[in-house]
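Q: let's see this in three dimensions:
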Amino acid sequence: MNNPDLQPVIKRSAEALAIEALRAHLLSGGATPGERLTETALATRLRVSRATVRAALHQLTTERLVHQIPYTGWEVARLTAHDAWELYTLRSSLEALAARLAAERGGAEVKAGIQESFATLEQACRANNAVAISEGDFGLHKTIIRLARHARLFEQYRLIEQQTRLYIHSSNALIADPQKILEEHAPIVTAILAGRPGQAAQLSEQHNITDGEALVAYLRAKSVADSSPDRAS
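A: As a prediction, this is how the structure comes out:
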């Protein structure tokens, strides 16, 4: 009997599960930037071997979510002002292109994908769930990237995917009212659905620049405050 609702079981390695668990932990703010991570403690919490944890941490290092300290151990990566500048300038180019291409494509697939992703973000904002808001925010941007149907663009975006999620989480933390997050994204969605490529690209780029500059300013100020003599004492 052919049952479309019955999905095949997908076997996943302990390493893959550990990577996913640790990534979710870091991106949800479960560990603070600069916090030390020990293989023994993580292995105990995850109930896996230290070798599995070590392999997972190496993967998260390539994603720049974790930093390896030679001969010492691991720590949660810190998002610096320069990191934020690099990410928002790169994102503004990639996502503007994606918004333009998605608007040019149009059609039922684009409309359904955009509306569904925006609805997910709306629901998270109504619930005022910070983690869900950041995931919904990232999900909308990645949907636009996917709907652009540009394979090389998609591949490039995947390289910064996890850093982008961390960036969005940090940026959204500066916004007190979730409604503002919706208001920032709604014009981009409207322009894509209306088939206005130029406007969609411009709005997407401006969104990244505005939020990016705010995050860079915050991180610079925080860096100065953290390095002040009063703070050190």
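
Q: my read: Thr38 touches Glu75, true?
A: No: in this structure Thr38 lies outside contact range of Glu75 using C-beta atoms under 8 Å: 10.2 Å. Heads up, the C-betas are built off the backbone N, CA and C, glycines and all.

Q: quick one: which of these two has more around it?
A: Glu75 (17 against 12; other C-beta atoms under 10 Å).

Q: need the contact list for that one.
A: 34-37, 66-67, 69 (C-beta atoms under 8 Å, 6 or more residues apart in numbering).

Q: apply 7 Å and report the result again.
A: Glu75 makes contact with 34-37, 67, 69, according to C-beta atoms under 7 Å, 6 or more residues apart in numbering.

Q: just confirm Pro187 contacts Gln202, I think it does.
A: No: assessed by C-beta atoms under 7 Å, Pro187 is found out of contact with Gln202, at 9.8 Å.

Q: helix or strand: which one has the residue nearest the centre of the chain?
A: With distances taken as C-alpha atoms, centre = their mean, the residue of the chain nearest its centroid is Arg165 (1.1 Å). Assigned by DSSP states H and E, Arg165 falls within helix 161-172.

Q: looking at the lengthiest helix in the chain now, give me its mean pLDDT.
A: Longest helix of the chain, by residue count under DSSP state H: helix 197-226. What helix 197-226 shows for mean pLDDT is 95.

Q: for His185, give its distance to Arg64.
A: 25 Å (C-beta to C-beta, to the nearest Å).

Q: for Val216, same thing?
A: For Val216, the distance to Arg64 (C-beta to C-beta) stands at 17 Å.

Q: looking at the two, which is more packed in?
A: Neighbour tally, Val216 and Arg64, criterion other C-beta under 10 Å: the higher count belongs to Val216, 20 against 15.

Q: can I assume the more buried one is in contact with Asp83?
A: No: contact status for Val216 versus Asp83: not in contact, 9.3 Å apart, counting by C-beta under 7 Å.

Q: so where do the helices sit in the chain?
A: Going by DSSP H, the chain shows helices at 14-27, 39-46, 50-62, 81-105, 107-127, 130-147, 151-159, 161-172, 178-193, 197-226, 229-232.

Q: need the least confident one among the ones you listed, by mean pLDDT.
A: Among the helices of the chain, helix 229-232 scores lowest, with a mean of 61.

Q: tell me the domain ranges of the protein?
A: 14-76, 81-224 (automatic domain parsing).

Q: can you give the distance of the shortest one from its chain's centre?
A: Pointing back at domain 14-76 there. 18 Å (C-alpha atoms, centre = their mean, to the nearest Å).

Q: run the chain-centre distance for stretch 217-231.
A: Stretch 217-231 sits 25 Å away from the centroid of its parent chain (C-alpha atoms, centre = their mean).

Q: hmm, I typed the wrong one, I wanted stretch 116-124.
A: Counting by C-alpha atoms, centre = their mean, stretch 116-124 is centred 16 Å from the centre of its parent chain.
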